[in-house]
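K.L.:
test case, fold it:
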Amino acid sequence: MLQSYLYQWFSILGTRFRNQDLWYIDGFAGPGEYINYSLGSPIAALNAAASAVTSAAARWASGDIHCLFIEQSRPIFENLQRKLAEQTPHPRVHYESHHGTFVEGLEHLRSKSRNPFSSNAPVFAFIDPFGPSDLPFSAVRELLSRPACEVLVNLDSDGVSRIHSAGESADHRRLLTSLFGDSTWEQELAGARDQADAVRRIVQLYKTKLRALPGIQYAFSFEMRKQNHVFDYHLVFASGHPLGLEKMKEVMKRIDKTGAYCFSDAHVGQANLFSFDDPTEAAQVMATHVKNTVQAYKDITLYALNESPFPNPKSMLKVLEREGRISIDCAGRHRRKDTYPDDLHEFIRIRF
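P.N.:
Numbering: from 1, shown residues only. All right, here's what the predicted structure looks like:
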């Protein structure tokens, strides 16, 4: 999944950001390989970078691609070093590995004469800790303050709920305040009915915190399940540009067919897993969420991107319009039923 998305990210930005370097940061890089999977995230990133530059050929307009792999565990870091040494270098793809914590790695990068913090260079960060204790929101906030940055975060929502339940014995106030950036989690989690409800609240709060950052309108979560369909964790993606989330959803839609990835809605009282192909249930949830309101098309598009499996609301609107649950006004302009032409979007108003 990561390699597929990074290939698109490098390819799109590499032909648009003229003479600017592109940066990939792997916050918890791991060993570069696993017993049950031979391709760790650092190797996937290098493969994606090299393929993107090669495929673009003369259309490549950016500078070079720089990758920073951060790993705290000494044995894991040493294995990563060995694995990286086996890779065939590409002349426009450079990497550095740093032994230390995620925060220390960012400080190390900032201290270098060539770094993304001293420019407007695009950054993609994959933040994949083993638990919530090593994921300070301050570091995520700093990354997303860049004008062209996206993050993909492994949010151990189940682990967060367990820390909350354990209370002072797990040092929950310090850990959760660091994770969410402030103490608003106390009120949000206080009313959780059970662990499943707490998990949904945790994910929704984390996305809300991301969207509250300047320039970040898009945050979406994917529920990750093990092969036996038991819940594992959430991947949370955040971006300031709708195209990033659209492309990420395309990648996840393809991989969802393996059964390993799901979309889980956070607005309802039970774990609803939606298909990336069938808009029926997602349409019902959308209608409930904005019931008795009038929505501009651009606002319902934002909802669709952030809270549904779909890149736009068209398929869900079609379901609701056929059921007679919405009425649509186009300021007197002609529109065929069940169609939502791009040139009419600024005029469309939907009554739910």
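
K.L.:
when you work out contacts or count neighbours from here on, use the C-alpha atoms and nothing else.
P.N.:
Fine.

K.L.:
which stretches of the stretch 201-350 of the chain form strands?
P.N.:
In the stretch 201-350 of the chain, the strands defined using DSSP state E, counting those that start in this stretch lie at 218-225, 231-239, 261-264, 273-274, 294-296, 327-329, 349-351.

K.L.:
lowest mean pLDDT across the ones you listed, which one is that?
P.N.:
Least confident of those, judged by mean pLDDT, is strand 261-264 with a mean of 52.

K.L.:
where exactly do the helices run in the protein?
P.N.:
Along the chain, counting by DSSP state H, helices occupy 2-14, 41-56, 74-85, 102-111, 137-144, 157-166, 172-180, 185-190, 195-211, 242-256, 280-289, 297-307, 314-322.

K.L.:
about what we covered before: among the strands of the stretch 201-350 of the chain, which is nearest residue 146?
P.N.:
Closest to residue 146 of the strands of the stretch 201-350 of the chain is strand 231-239 (Cα to Cα; 10.5 Å).

K.L.:
tell me the strands beside that closest one, with direction?
P.N.:
The strands beside strand 231-239 in its sheet (DSSP bridges) come out as strand 149-155 (antiparallel), strand 218-225 (antiparallel).

K.L.:
among the helices of the chain, which comes closest to residue 349?
P.N.:
The minimum distance between residue 349 and the helices of the chain falls on helix 297-307, with 6.1 Å, by Cα to Cα.

K.L.:
distance to residue 239 and mean neighbour count for the strands paired with strand 231-239 - can I get that in JSON lines?
P.N.:
Output for those, formatted as JSON lines (distance: least, Cα to Cα, whole Å; neighbours: other Cα atoms under 10 Å):
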{"stretch": "strand 149-155", "distance to residue 239": "5", "mean neighbour count": "23"}
{"stretch": "strand 218-225", "distance to residue 239": "5", "mean neighbour count": "23"}
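
K.L.:
a markdown table please, covering those strands and showing distance to residue 206.
P.N.:
Below are the strands paired with strand 231-239 laid out as a markdown table (distance: least, Cα to Cα, whole Å):
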| stretch | distance to residue 206 |
| --- | --- |
| strand 149-155 | 9 |
| strand 218-225 | 9 |
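
K.L.:
can you check which of the ones you listed gets nearest to residue 53?
P.N.:
Residue 53 lies closest, by Cα to Cα, to one member of those: strand 149-155, at 19.5 Å.

K.L.:
between helix 242-256 and the closest one, find me the angle.
P.N.:
Put simply, strand 149-155 runs at 40 degrees to helix 242-256, going by axes from the mean of the first three to the mean of the last three Cα atoms, to 10 degrees.

K.L.:
CA-only coordinates of strand 149-155 in PDB, if you can.
P.N.:
Taking Å, rounded to 0.1, in the frame of the first residue of the first chain, the C-alpha atoms of strand 149-155 are listed here in PDB:
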ATOM      1  CA  CYS A 149       3.100  17.900   3.600                       C
ATOM      2  CA  GLU A 150       1.100  14.700   4.100                       C
ATOM      3  CA  VAL A 151       1.200  12.200   6.900                       C
ATOM      4  CA  LEU A 152       0.200   8.600   7.300                       C
ATOM      5  CA  VAL A 153      -0.100   7.600  10.900                       C
ATOM      6  CA  ASN A 154      -0.400   4.200  12.500                       C
ATOM      7  CA  LEU A 155      -2.800   5.100  15.300                       C
END
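
K.L.:
tell me which residues are up against that strand.
P.N.:
Applying Cα atoms under 8 Å, 6 or more residues apart in numbering, the contact partners of strand 149-155 are 122-129, 131-132, 140, 143-144, 203, 233-240, 244.

K.L.:
how far does it sit from the chain's center?
P.N.:
When C-alpha coordinates are averaged (Cα atoms, centre = their mean, to the nearest Å), strand 149-155 and its chain have centres 5 Å apart.

K.L.:
quick one: average pLDDT of that strand?
P.N.:
Here the average pLDDT along strand 149-155 is 96.

K.L.:
give me the number of residues near the residue lying closest to residue 314 once chain neighbours are set aside?
P.N.:
Ranked by Cα to Cα, 6 or more residues apart in numbering and with sequence neighbours excluded, the top spatial neighbour of residue 314 is residue 340, at 6.7 Å. For residue 340, the neighbour count with other Cα atoms under 10 Å is 19.
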